[in-house]
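[1] Using only what follows, build the 3D model:
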Amino acid sequence: MKYKEIKELTTGELIARYKEEKIRLQKLKFNDSVARIEDPHQIGVSRKQVARMLTEINDRRINNEIKAAEKANNL
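    Sure, this is the predicted structure:
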């Protein structure tokens, strides 16, 4: 999933997908530590997906805080 696609998701969908991907990453890491998985490249792909989603979640949170602060200053 590209960053552009991630930005198009609603916040609820984004958080749900983030949780799913985080669980997937944990399972991949666990399976790799127990026995080598066929495609270890998937761990890196999943880790990058988690980072992209977390970046967008934090960006939205910061933007909401800025808007709230600006609104409070205008009142």
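
[2] use CA for all of it now, contacts and neighbours both
    OK.

[3] now the helices: where do they sit in the protein?
    3-8, 11-34, 41-74 (DSSP state H).

[4] Now do the longest one, average pLDDT.
    I take that to be helix 41-74. In this model, helix 41-74 has a mean pLDDT of 95.

[5] Near the closest residue in space to residue 15 that isn't next to it in sequence, how many residues? Count them for me, please.
    Nearest non-adjacent residue to residue 15, counting by C-alpha to C-alpha, 6 or more residues apart in numbering: residue 57, 7.5 Å away. If you count neighbours by other C-alpha atoms under 10 Å, residue 57 ends up with 17.

[6] ok, now the one 3 residues further on?
    The local packing count at residue 60 equals 14, with neighbours defined by other C-alpha under 10 Å.

[7] and it, how far is that from residue 28?
    Here residue 60 is placed at a distance of 28 Å from residue 28 (C-alpha to C-alpha, to the nearest Å).

[8] Nearest the middle, which residue of the chain would you pick?
    residue 53 (2.2 Å; C-alpha atoms, centre = their mean).

[9] so what's that one closest to, chain neighbours aside?
    Residue 53 sits nearest to residue 18 (C-alpha to C-alpha, 6+ apart), 6.0 Å away.

[10] tell me the contacts of the one you found?
    50, 53-54 (C-alpha atoms under 8 Å, 6 or more residues apart in numbering).

[11] Out of those, which is nearest to residue 12?
    residue 53 (11.9 Å; C-alpha to C-alpha).

[12] surely that closest one meets residue 6?
    Yes. At 6.8 Å, residue 53 counts as touching residue 6 under the criterion of C-alpha atoms under 8 Å.

[13] shared neighbours, those two?
    residue 14.

[14] Based on its surroundings, how many neighbours for the closest residue to residue 29 other than its chain neighbours?
    Distance criterion C-alpha to C-alpha, 6+ apart; nearest residue to residue 29, sequence neighbours excluded, is residue 43 at 6.9 Å. By other C-alpha under 10 Å, the residues close to residue 43 number 18.
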